[in-house]
Structure formats: C-alpha cells, structure tokens
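> below are the sequence and a predicted model for it; my questions follow.
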Amino acid sequence: MIIFIDENDENKRLDSFLSEMTPDLSRSKIQSFIKSGYIKVNNTAKKASYILKENDKIDFEIPKQETLNIKPQNIPLEIIYEDENMLVVNKPSGMLTHPTTIERENTLVNALLYKYGENLSDINGEFRRGILHRLDRNTSGLLMVAKNNKAHEFLANQIKNHTITKKYRAIVKGVIDKNEFEINEPIGRNPKQPHKMMISTDGKQSKTLVKVIERFKDATYIELTLITGRTHQIRVHMSYIKHPVFNDTLYGAGQSKVKTEEQVLQSYFLRFTKPFGDEIIELQIEPDEKIKKVLNYLRS
C-alpha cells in the first residue's frame, strides 16, 4: 500500500495517521510494524513519532503472518494472581518465556495456550501471546500476562512509564561493601557477540538499585530494584562492577561448587495498577530452590 500525504493529514504522527487508516489494527501493532521496518516514509525508516509533511510518501505493507503452529501443552502453571484481564505466573527456572524459531515447545506460551486458548493478547504476535515482558530462561519468578489487547496496552504503558515496581533477589560473587547504591550505566548489544549485552556509551539508559541483604566470605545476597528494564540488565550491571551473579557463566561468574541452572536470580516482587482502575496489586513470593540451595551452602 502506498499513501501520499496531503494538506489535510500533514502534522499528524505517523502511528496516529496509520491507526486512522487501518482501524482493524491496534496502535501498538502499527508501532511494532514501524519499529520492524515494514513501514517507510520517502523510502526511509522513521520513528512512530515522526510528524508527517505534505507530499510524504508512505510505503505500508502489512507483513504476512507465518503459520507458526505453536502447540498448546499441558504444563502446570503456578498462578500467583488472576483477574478477568490478566494474570501473574511464577515462571520456573529453565523455562523459556516464549517460543523461538529454534525452540517451539515447553515454553510458558505453550502452557498459556493450553489453559487460555485464544484468550491472550496478540499485540506481540503469535510467538508471544499474552507476554508483556520476559524473564531469561534460567531466571525464575513473577511475570505478567495479558488476556486481551486493551489490558496489554494498559500494562505496557505502566512498564514504559516505569510505574511498575519490580524487585529481584540474587546472590553475587564477592563481598559488596556498600549497603545501598545505584548503578546507572547504559546497556547495548555486544557487536562481537550478539547474544550478549554490554555497557556501551551508545546503549540505552539503564538504572538498577542495589541493597545488601546478607554478606558471606566470598559472596553477597542482594535485592535489586529495576528502574529500567533492559535485556540482561541485572546480569550486565553486576558483572560490570565485578560482582557477577552466582553461576552466571555468560557474564563471567563461572560455575561454582553449588551446581544450579545458571544464574541465581529471581523476580520476587511486583507492584502495579490493576487494568482499568486504580487498585494497586502487590505480590511477593518466597526464595526459590536455587537461592535456598546456595544460601544453605554459604551459611554452612
């Protein structure tokens, strides 16, 4: 589809204009198409906030949706909270949040499809039905799921505006001297190892608050509050200050004598506003088996 902008539509945002032109697509969906490069203005990729000018030419091609064949699977879910618009699950360590082109089974999404079928948001596509945010495969804990697109947008705005409180527990290598401090270092993708992130001056602003819970001879038990939510943020920040997360082999910790499924890291606390109201929901879970196992070893 090619659209030329006339004087009646100039000065509109690109995403707003396309929302008017395609009422069957949500604004969030259109923004994802813009970000992915499916939409160009004058043969150039633009941001969703681009202000249209008279005679601009928009090339808008709705991508064909691949038949993904994601199989619903009867995998037990530990549901911590649920209402008519959303739920919060306790994702176990070792489980992918959603399928990839390589792994399409035994993920959280496979389990959600079995229990909820089509009653999940699809803003982020079939691979990520219901998924608002991710946890790494070997990070356990609280994860929000949207049952419909309106709830997805409501909660996604809270994530974007940093009005959701997310706290983690972790055990890291080495003894941290300060009781409380902030790490404020930008994070971007590692150009030499695309599966890793790194501190980069060209990266996005990333802020983590750290609070010591307990110290040991060669390790520290900490609480972390995410102010931003970048990929691998905690793992990258802690590695950067030379206190990598216990057993995080990707970011330099190496495997310790206490074997676990990689990083000893848990999302244990969530505070958010319930969709379409002003009720505050606050959730907290107990330390997982990895944290208990390593703590028992360190305390003994």
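Happy to help now that I have it.
> now do the strands in the stretch 101-250 of the chain.
Remark: strands assigned in the stretch 101-250 of the chain by DSSP state E, counting those that start in this stretch are 140-146, 165-173, 180-184, 187-189, 197-199, 207-215, 219-226.
> need the ones you listed in TSV with mean neighbour count and mean pLDDT, can you?
C-beta here means a position set from N, CA and C on the backbone, and glycine is covered the same way. Shown next, in TSV, are these (neighbours: other Cβ atoms under 10 Å; pLDDT from 0 to 100):
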stretch	mean neighbour count	mean pLDDT
strand 140-146	25	98
strand 165-173	23	98
strand 180-184	13	98
strand 187-189	18	89
strand 197-199	19	94
strand 207-215	17	98
strand 219-226	20	98
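> closest one to Lys91 among those?
strand 140-146 (4.9 Å; Cβ to Cβ).
> partners of the one helix or strand in the chain whose mean pLDDT sits lowest, with directions?
None of the helices or strands of the chain scores lower by mean pLDDT, DSSP states H and E than strand 2-4, at a mean of 82. Strand 2-4 has the following strand partners under DSSP bridges: strand 57-60 (antiparallel).
> could you list the buried residues of the least confident helix or strand of the chain?
Ile3 (16 or more other Cβ atoms under 10 Å).
> beyond it, next helix or strand please.
helix 14-21 (DSSP states H and E).
> what about the helix or strand just after that following helix, average pLDDT?
With elements assigned by DSSP H and E, the helix or strand that comes after helix 14-21 is helix 27-35. Averaging pLDDT along helix 27-35 gives 86.
> hmm, Thr107 and Met95 touching each other?
Yes: between Met95 and Thr107 there is a contact at 6.5 Å, judged by Cβ atoms under 8 Å.
> who has more neighbours, these two?
Neighbours per residue (other Cβ atoms under 10 Å) separate Met95 from Thr107, with Thr107 holding more: 24 against 18.
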